[in-house]
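Asks: Fold the following, please.
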Amino acid sequence: MTEENKVQALPHNLIMENRNRLTVSGVSDVDSFDEQTVVIFTQMGELTVRGSDLHIINLNIDSGELSLEGTCLLYTSDAADERSSV
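Replies: You can find the predicted model right below:
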């Protein structure tokens, strides 16, 4: 199995903890990030996370996992063009 096929086989999940920590699986790349916005490429499309004081805690492209912390997280997905806030 090629490395590309391994990444595509990863599940895509979002786990929000206490409105200040987000763990995302199925991550293929991070397009951009700053303290207010993180733009993530996932197997299900682009994901934008907004908030304040955002910090990437862990990024492992090989396993497709990303963890970030911040305040009042809001995430949007261009694939479904829907917004969700937690």
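Asks: Give me the helices and strands touching the helix or strand hosting residue 49, please.
Replies: Per DSSP states H and E: residue 49 is located in strand 45-60. Where contact means 3 or more Cβ pairs under 8 Å, 6 or more residues apart in numbering; DSSP states H and E, strand 45-60 is packed against strand 21-25, strand 27-33, strand 37-42, strand 65-77. C-beta: built from backbone N, CA, C; applies to glycine.
Asks: Export those strands as CSV, with columns for mean pLDDT and mean neighbour count.
Replies: Below are the helices and strands packed on strand 45-60 laid out as CSV (pLDDT from 0 to 100; neighbours: other Cβ atoms under 10 Å):
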stretch, mean pLDDT, mean neighbour count
strand 21-25, 95, 18
strand 27-33, 95, 15
strand 37-42, 94, 19
strand 65-77, 85, 18
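Asks: And the ones you listed: which comes nearest residue 12?
Replies: Nearest of the helices and strands packed on strand 45-60 to residue 12, taken as Cβ to Cβ: strand 37-42 at 5.4 Å.
Asks: Check the offset of the closest one from the chain's centre.
Replies: Relative to its chain's centre, strand 37-42 lies at 5 Å (Cα atoms, centre = their mean, to the nearest Å).
Asks: Tell me what angle it forms with strand 65-77.
Replies: Interaxial angle, strand 37-42 versus strand 65-77 (axes from the mean of the first three to the mean of the last three Cα atoms, to 10 degrees): 100 degrees.
Asks: Packing partners of strand 37-42?
Replies: Here strand 37-42 touches strand 27-33, strand 45-60, going by 3+ Cβ pairs under 8 Å, 6+ apart.
Asks: and the shortest one, which strands flank it?
Replies: Its sheet considered, strand 27-33 pairs with strand 37-42 (antiparallel) by DSSP bridges.
Asks: before we move on, the earlier item: show residues contacting the strand holding residue 49.
Replies: Strand 45-60 is contacted from outside by 14, 21-22, 24, 27, 30-31, 33-41, 65-80, using Cβ atoms under 8 Å, 6 or more residues apart in numbering.
Asks: could you check the angle strand 65-77 makes with it?
Replies: With the same axes, to 10 degrees defining the directions, strand 45-60 sits at 160 degrees from strand 65-77.
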